[in-house]
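**Q** Generate coordinates for the sequence data below:
(one chain, ligands or ions: 2)
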Amino acid sequence: MKRTLLIIALLFATTFSAFADKGMWLPSLISSRIKDMKSKGFKLSAEDIYSINQASLKDAVVLFDGGCTGEIVSEKGLLLTNHHCGYDAIQALSSVENDYLTNGYWAQSIAEELPCRGLKVDILVRMEEVTDRLAAGETKADIIAKAEAEGVGYRATVESMYYGNIAYLFIYRQYSDVRLVGTPPTTIGKFGADNDNWIWPRHTGDFSVFRIYANENNEPAEYSPANKPYKPARHFKISTEGINEGDFTMIYGFPGNTQEYITSDAVEYIAETSDPTKIALRTQRLDIIGAAQAQSPAVRIQYAAKHANIANAWKKWQGEVKGINRLGTYSKKVAYEERFRKENPEKAYLLDSLAAAYERNREGYFNYELYTETLRGIELQQVVNIARSTRLSDEQKMAAAELFYKDFVVAVDRDLAKAMLKAYAEMGTFISAELKALFEAHGGAEGYAEWLYDNTKLGTIEGFDLATIESDPVAAFVDAVAPIQQRIRPYTYRNFSNIPDIERWFRPYVKALMEWDKKRAFFPDANLTLRVAYGKVAGYEYADGEYHLPQTTLEGIIAKDNPDIYDYNVPQSLRDAYAKKDYGRWGVELNGKYTVPVCFIATNHTTGGNSGSPVLNKYGELVGINFDRTWLSTMSDIEFDETLCRNIICDIRYVLFVIDKVGGAKWIIEEMGV
Ligand code: ARG
Ligand code: GLU
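**A** Ligands and ions are numbered 1, 2, ... in the order given. Just a heads-up that it's a prediction; the model follows:
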């Protein structure tokens, strides 16, 4: 408790006059920020944001599919998130005959909503600090077990904040009957695709609509036709008033991972070694998959989600390196560390210990990252793992294999294996004797890959036979990779700095920073727990003399529209609406034209996981759905800079316009009470 009080006291003690719009704050501690929020225009109270005594905004925010955010927008559990967050579910429901990616889908009534196998959402019941319980000897597992016994469908986690200086328990209700209500076609939901991804100005209608179902007691339940729409304690009211430059905005969601406090050594590793290596490897993989997709419409669908996932981080890392260089993050960290040393000579050893720990673990972490980007991506290994599973019955194994082969093309995997084995052989230093022997027996890594795919029977589902799989050469390949997995295990952490041998030095270092740097606003790094970030709608100087306005419109979509390019070929209904200026209630005067607003940017501090997050105005009403950041601001995971960093939001008025004019699904708009 003492430690905690100290940290809270520090949070309060800081002089609040002019905070930058930086930080991702724990909702239960938001009272420490509310003064600053109000000075920037916010009209609600801390209790409105988070309360365990009454319904609050937190009851309308969900963790979507374990890695995105969603928001509840009706009293019948209607849910908005990004198109790219619903993508896996939409793709799984799609086939060449019923291609919801290409054509979109709009249920015309509740009866037409489509169950999404495996899709789950988590709604936070409450969060509470458990630093003392852990200090008193309770284990994480005990705390979690007790919490999960509290209610039906409860899921709990214990997460550390500030590198283990404090710990929090999060208790969720996990709902597993979630159904697709509507999605725009990819040419809207993913308009511009990888080309426009991470880019501003942007024109992507990145949204999709789902609904949560519950049992007759409103509790989580597996899918059943008897389930009823979930009745939330609270849902977001939608504002169609729109936003203007300078308006207060708040984001409520589940940011996944930031590294605000890492030292210069880690920045150097990211910008000079890790990102460049991963970018180069992914370029190869994307070229291989992209070439196969260009040849076949079936492969285009089969590999759509895989391609998008690989391309997303690939492009993000490129922007991150650019942003780090542009802001001089490495030199700034070096200077900050020098100042810390000078003013805290008795604690300078912490920085030395950190530097030594990074050095000690560098080879291991690099090999872990290399394994992840090369060997792990060779998909054929998965069928051996399915066959060997001790949890699955034979019937379940066949079902899992069917799911796997639905989106698998052996010729693509062969090319990927060839390239990735070669790359691993060149760069990996944790290679196993077994894998080395296999390479040598077949004239090197590439020769081995050829031989492997020539000789396996597992290329198609017809060859998947539980009785004979152990004699397939892919089984021997999996066994040869296993010792590598063993060796990288001690380094298998989300970030370099989270390796325990490094992190143990971060705990006293961050504490020392908090005691020393009184002007800095210390937020706990993102770790996929619920957070609030706030800022304002703002354009920015993209380059010298080049200012980017904060809002885009339908004009920009039509300007990019091109029937010959898959990703820019908008639906005819959109062209028709534009030609007739048939905007109904969604038309506005903006950027000097009568048009429809599409996207906007703001200074909210966000990261991966914030996709789909509700973007709220000063009254806590929904004005947009967060979905991206600008390219150079992806480095806000390491250093947030208000002049450069912007999150990208889909304007709720564009969402409504698309549901209305492209989807023709007025009933959804009515249900949202608009
Ligand atoms: N960049 C966004 C995010 O990090 C959107 C990703 C999906 N879109 C894509 N083209 N891959 O998740
Ligand atoms: N698109 C990201 C996501 O899936 C959000 C963008 C970001 O990283 O800020 O969460």
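
**Q** give me phi/psi at the nearest residue to P550 once chain neighbours are set aside?
**A** Once flanking residues are discounted, P550 sits nearest to G539: 4.2 Å by Cβ to Cβ, 6 or more residues apart in numbering. Just so you know, the C-beta spots here come from the backbone N, C-alpha and C atoms, and that holds for glycine as well. When quoted as degrees, to the nearest 10, the phi and psi of G539 stand at phi -80, psi -170.

**Q** For G539, give me its contacts.
**A** E245, Y547, H548, L549, P550, I601 (Cβ atoms under 8 Å, 6 or more residues apart in numbering).

**Q** Which stretches in the stretch 351-500 of the chain count as strands?
**A** Taking DSSP state E, counting those that start in this stretch as the criterion, the stretch 351-500 of the chain contains no strands.

**Q** Enumerate the residues of it near ligand 1.
**A** By Cβ under 6 Å from any ligand atom, no residue of the stretch 351-500 of the chain approaches ligand 1.

**Q** any idea where the helices of the stretch 351-500 of the chain begin and end?
**A** Along the stretch 351-500 of the chain, counting by DSSP state H, counting those that start in this stretch, helices occupy 381-388, 394-406, 410-427, 433-441, 445-455, 473-488, 500-516.

**Q** what's near enough to touch A313?
**A** Applying Cβ under 8 Å, 6+ apart, the residues contacting A313 are K278, R282.

**Q** Which helix or which strand is home to it?
**A** Per DSSP states H and E, A313 falls inside helix 304-327.

**Q** likewise K332?
**A** Using DSSP H and E, K332 falls in helix 329-343.

**Q** ok, and what's touching that helix?
**A** By Cβ under 8 Å, 6+ apart, the list of residues contacting helix 329-343 reads 262-264, 267-268, 271, 323-324, 347-348, 351, 512-513, 516, 635, 638-639.

**Q** for stretch 106-117, same thing?
**A** Against stretch 106-117 from outside (Cβ under 8 Å, 6+ apart): 89, 92-93, 105, 177-183, 210-211, 223, 229, 659, 663-665, 667-668.

**Q** which among those residues end up buried?
**A** Buried members of the contacts of stretch 106-117, scored by 16 or more other Cβ atoms under 10 Å, are 89, 92-93, 105, 177-183, 210-211, 223, 229, 659, 663, 665, 668.

**Q** Select from those residues every entry located in strands.
**A** Y105, D177, V178, R179, L180, V181, G182, T183, F210, R211, P229 (DSSP state E).

**Q** What is the nearest of those residues to ligand 1?
**A** Checking those against ligand 1 by Cβ to the nearest ligand atom gives T183 as the nearest, at 14.0 Å.

**Q** which residue packs closest to the closest one, ignoring adjacent ones?
**A** Counting by Cβ to Cβ, 6+ apart, the residue nearest T183 is S208, at 4.2 Å.

**Q** got a list of what that neighbour touches?
**A** Here S208 is in contact with L80, T81, N82, H83, C85, G86, I90, L180, G182, T183, P184, G189 (Cβ under 8 Å, 6+ apart).

**Q** neighbours around the second one, how many?
**A** Other residues within reach of T81 by the criterion other Cβ atoms under 10 Å amount to 27.
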